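*Asks:* what follows is a predicted structure for the sequence shown.
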Amino acid sequence: MGITIDREVGNYEIHELHVEHNHVLQLPGTCHLMPSQRKITALQAFEIETTDDSGIVPKAAHELASRSVGGSTNLGYTRRDHKNYLRTKRQRELKYGEAGTMLKYFQDKKSENPAFQYDIQLDCDEKIANIFWADAKMIIDYAHFGDVVTFDTTFWTNKEYRPFGIFVGFNHFRETVIFGAALLYDETFESFKWLFNTFLSVHNNKQPRTIFTDQDTAMGKAIEAVFIGAWHGLCNFHIMQNAVKHLPPKKKDEDGPNVLAEFSACMYKYEDKEAFEEAFVAIRIKVDTQTWLDSIYKVKEKWARCFMRNAYTLGMRSTQLSESLNSDLKNHLKSDLDILRFFKHLERVVQVKRDNELKDEYESRKKLPRVRIRTPAIIQASKVYTPCIFEDFQNEYERSISAYIKPSEEHNVYNVVIASIDPKITYEEESKVLVDHQEQQVLCSCGQFERVGVLCRHALKALDVMNIKYLPSHYILKRWTREARSGTIQDSHRNIVLEDPRMEDRLRLKFFIHKFHDIASKSLISEECSKLVDDALESLSKQVEAKVSSTARTTEAICEEPDREGEEMAALQDQIPVEPTTRTTENGFEEYGWIPSYTQLLMGSSMGQNIPDDT
């Protein structure tokens, strides 16, 4: 088409026209690939972001979206459009740099739930060094199950990245619960001290009774300085790994157990301290270089069974919970992820652990516990304890039936021995149980209740001899019961912590989605029904939009308080040094030439080396 303009009149005139196409036309099956026919709608954008946050790769997400609309020809965009949208979205999310994006992520989380807590330590050059955060669920979990904690740090595959640390524990189903996470500048005493102090302040200064870590000197000193009321144990798994490196392996022609087996016996087998000392001396004789043995012997109270008799561990002996979580993270993370994607991937891994508890909760309410012996104590325990703890208790009770009470010259002391299952009449090691008839209390020398929180077979036998057929309430730890999560939790500001303040909104959204989907499915029966639904939704959309606008104006009119969260966000961003460039965007905003990237934040080369003890 050729067009001219008559400038005197001001009209356009067509002077040439060819109605035939001057190119090969697209087929009906390829029209959807034309740029003019491709567009990602708001709903499709939401679905793309949802699948990306769920860890679904773009190829699989695009295939899923295509199948949901009857094929890629009906989708309206290509796989390349899908990838370009995600790339643009990530660039838009990182417009303030990764440091600013991290702060915005924390502020968004806090706006969703005020119980979300985080803290950032700056170094002497006012650059971000250490970061700690905990959401509402972590705060609630620690209040209920923070008696035994494991802490472990791991390095990512990229050697330039810094440690990621996580606090983990057991819930009442013996499932993993997370109490907080941290990104550290380094693994020095000052960094660990700041981290542990921050951890306590977020959790109402509640000290754990026990904390397990690896054998890190700086970490150990920081634990002694901060966790004053906690017993510090060393991870047995890490110790055995070091033992494999430093102790000689068994030779092919060597008789008897090897040195590693003897060292393992020192960790798990010996209950008597004298037997432990004798075994350890025997190991020393077989080892030429004793440097590592000397160092590990100095902290024997933190790993040897005979010295941990009364340590409250819940049966935990290592940081395996933390390492398991770190392993799950490595399966989902890449070394080149930006900070925001790291946080979202971490959320997914944590949610998997939380879903496991929901499954256990469901199973415990669906199935009746398997009661093998119908006695008052067993029936009581089946109703009180969670299934896994009840099973442990029932096993102890069964063993108590085969127990014998031997005469004792000591007052209020029972000598209890357990007969073996072997047809030959043999007995386990004898235990002394101190009893108090009036207070209905028993104290066994094996120390199982003090360590695990479940009465041992010896104590149960003593209670039976005392004609106490039900478990006294002081021997039922709430943390092992079905009601372990009962009660409200307050944060450090004395506000009640809600796991999800928007739960009602989410349930309402779920209801509407199901209802709208049902209406849309039924409307496909005829064009008349489809038009009816379309017209109704169009009218409803306008009414809702008008109502939302009216509500927003009313809210602005009555809101006189300044935006505290915005001010806090601005203040935090001001702490990050930036160098403004001369370029100004079309919207009038200045662009910043340098903001610390995620890698730079965690690399020593881009930061000052001196971190103050407290910030």
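*Replies:* Yep, that arrived.
*Asks:* just the residues contacting stretch 458-469, thanks.
*Replies:* Residues outside stretch 458-469 that contact it (C-beta atoms under 8 Å, 6 or more residues apart in numbering): 375-377, 396-397, 400, 403, 405, 414, 416, 418, 431, 433, 435, 437, 440, 442-446, 448-449, 455, 471-472. The C-beta positions use only the backbone N, C-alpha and C, and glycine is treated the same way.
*Asks:* what is the nearest residue to residue 6 once chain neighbours are set aside paired to in the beta sheet?
*Replies:* In this structure, residue 6 finds its nearest non-sequential neighbour in residue 13, 6.3 Å apart by C-beta to C-beta, 6 or more residues apart in numbering. In this entry, residue 13 is beta-bridged to residue 4, by DSSP bridges.
*Asks:* is it fair to say residue 370 lies in a helix?
*Replies:* No: looking at residue 370 with DSSP: H, G, I helix; E, B strand; the rest coil, it is coil, so not inside a helix.
*Asks:* who are the neighbours in contact with it?
*Replies:* Taking C-beta under 8 Å, 6+ apart, one finds residue 391 in contact with residue 370.
*Asks:* that one and residue 394: what is the separation?
*Replies:* 8 Å (C-beta to C-beta, to the nearest Å).
*Asks:* inside helices: which ones of the contacts of stretch 458-469?
*Replies:* Among the contacts of stretch 458-469, DSSP state H puts 376-377, 396-397, 400, 448-449 in helices.
*Asks:* about what we covered before: next one: the residue nearest to residue 6 from residue 268, what distance?
*Replies:* Counting by C-beta to C-beta, the gap between residue 13 and residue 268 amounts to 98 Å.
*Asks:* those strands in the stretch 301-450 of the chain, which residues are they?
*Replies:* 403-406, 413-418, 431-436, 441-444 (DSSP state E, counting those that start in this stretch).
*Asks:* residues contacting the third one, please?
*Replies:* Read it as strand 431-436. For strand 431-436, contacts defined as C-beta under 8 Å, 6+ apart pick out 408, 410, 412-417, 441-446, 456, 458-459, 461-462, 466.
*Asks:* what angle do that strand and strand 413-418 make?
*Replies:* Here strand 431-436 runs at an angle of 140 degrees relative to strand 413-418 (axes from the mean of the first three to the mean of the last three C-alpha atoms, to 10 degrees).
*Asks:* what about the stretch 151-300 of the chain, any weak spots by pLDDT?
*Replies:* Counting by pLDDT under 70, the stretch 151-300 of the chain contains low-confidence ranges at 154-162, 250-257.
*Asks:* and what of the chain?
*Replies:* In the chain, residues with pLDDT under 70: 90-98, 154-162, 250-257, 320-337, 421-427, 555-615.
*Asks:* can you pull up the most central residue in it?
*Replies:* residue 350 (3.6 Å; C-alpha atoms, centre = their mean).
*Asks:* nearest residue to that residue in space, please, no chain neighbours.
*Replies:* residue 178 (5.5 Å).
*Asks:* narrow the contacts of strand 431-436 to those that are buried.
*Replies:* In the contacts of strand 431-436, burial by neighbour count holds for 414-417, 441-442, 444-446, 456, 458-459, 461-462, 466, counting by 16 or more other C-beta atoms under 10 Å.
*Asks:* from those, which two are the most distant?
*Replies:* Greatest spatial distance in the buried ones among the contacts of strand 431-436: 417 and 441, 21.3 Å, computed using C-beta to C-beta.
*Asks:* quick one: the helices in the stretch 401-550 of the chain?
*Replies:* Assigned helices in the stretch 401-550 of the chain, in chain order: 448-452, 457-465, 503-523, 527-558 (criterion: DSSP state H, counting those that start in this stretch).
*Asks:* between those helices, which one is closest to residue 20.
*Replies:* Nearest to residue 20, of the helices of the stretch 401-550 of the chain and by C-beta to C-beta, is helix 527-558 at 34.1 Å.
*Asks:* quick check: angle from the closest one to helix 503-523?
*Replies:* 160 degrees.
*Asks:* name the helices or strands packed onto helix 527-558?
*Replies:* If you count contacts as 3 or more C-beta pairs under 8 Å, 6 or more residues apart in numbering; DSSP states H and E, helix 527-558 packs onto helix 503-523.
*Asks:* now do the buried residues in the helix it packs on.
*Replies:* Going by 16+ other C-beta under 10 Å, helix 503-523 has these buried residues: residue 523.
*Asks:* contacts made by it with the rest, please.
*Replies:* Here helix 503-523 makes contact (C-beta under 8 Å, 6+ apart) with 500, 529-530, 532-533.
*Asks:* circling back: adding distance to residue 280, write the helices of the stretch 401-550 of the chain out as JSON lines.
*Replies:* Converted to JSON lines, the helices of the stretch 401-550 of the chain look like this (distance: least, C-beta to C-beta, whole Å):
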{"stretch": "helix 448-452", "distance to residue 280": "22"}
{"stretch": "helix 457-465", "distance to residue 280": "28"}
{"stretch": "helix 503-523", "distance to residue 280": "55"}
{"stretch": "helix 527-558", "distance to residue 280": "71"}
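*Asks:* and residue 359, which of these is closest to it?
*Replies:* Nearest to residue 359 among the helices of the stretch 401-550 of the chain is helix 503-523; the distance by C-beta to C-beta comes to 19.3 Å.
*Asks:* circling back: that's a strand at the residue nearest to residue 350, yeah?
*Replies:* Yes: according to three-state DSSP, residue 178 belongs to a strand.
*Asks:* burial count for it?
*Replies:* 23 (other C-beta atoms under 10 Å).
*Asks:* for it, give me its contacts.
*Replies:* Shown in contact with residue 178 (C-beta under 8 Å, 6+ apart): 138, 141, 166-168, 325, 350, 353.
*Asks:* how about the residues you listed in CSV, adding distance to residue 108?
*Replies:* Output for the contacts of residue 178, formatted as CSV (distance: C-beta to C-beta, whole Å):
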residue, distance to residue 108
138, 17
141, 22
166, 21
167, 23
168, 25
325, 24
350, 17
353, 22
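*Asks:* ok, these vs residue 151, which is closest?
*Replies:* So of the contacts of residue 178, ranked by how close each gets to residue 151 (C-beta to C-beta), first place is residue 167, at 5.3 Å.
*Asks:* for the closest residue to the closest one other than its chain neighbours, give me its contacts.
*Replies:* Nearest residue to residue 167, sequence neighbours excluded (C-beta to C-beta, 6+ apart): residue 179, at 4.0 Å. The contact partners of residue 179, taken as C-beta under 8 Å, 6+ apart, are 134, 138, 141-142, 146, 149, 167-169, 199, 203.
*Asks:* closest to residue 104 among the residues you listed?
*Replies:* residue 134 (18.2 Å).
*Asks:* what about that closest one, distance to residue 114?
*Replies:* In this view, residue 134 and residue 114 are 13 Å apart by C-beta to C-beta.
*Asks:* look at these two and report which has more neighbours.
*Replies:* More crowded of residue 134 and residue 114, by other C-beta under 10 Å: residue 134, with 24 against 16.
*Asks:* could you pull up phi and psi at that one?
*Replies:* Backbone torsions for residue 134, taken as degrees, to the nearest 10, come to phi -150, psi 130.
*Asks:* show me what it bridges to in the sheet.
*Replies:* Residue 134 has these beta-bridge partners by DSSP bridges: residue 117.
*Asks:* any idea how far it lies from residue 271?
*Replies:* From residue 134 to residue 271 the distance is 38 Å (C-beta to C-beta).
*Asks:* likewise for residue 414?
*Replies:* Distance from residue 414 to residue 271, by C-beta to C-beta: 19 Å.
*Asks:* try residue 482
*Replies:* According to C-beta to C-beta, residue 482 stands 33 Å off from residue 271.
*Asks:* which one's more surrounded, the two?
*Replies:* The neighbour comparison of residue 482 against residue 271 (other C-beta under 10 Å) goes to residue 482, with 19 against 13.
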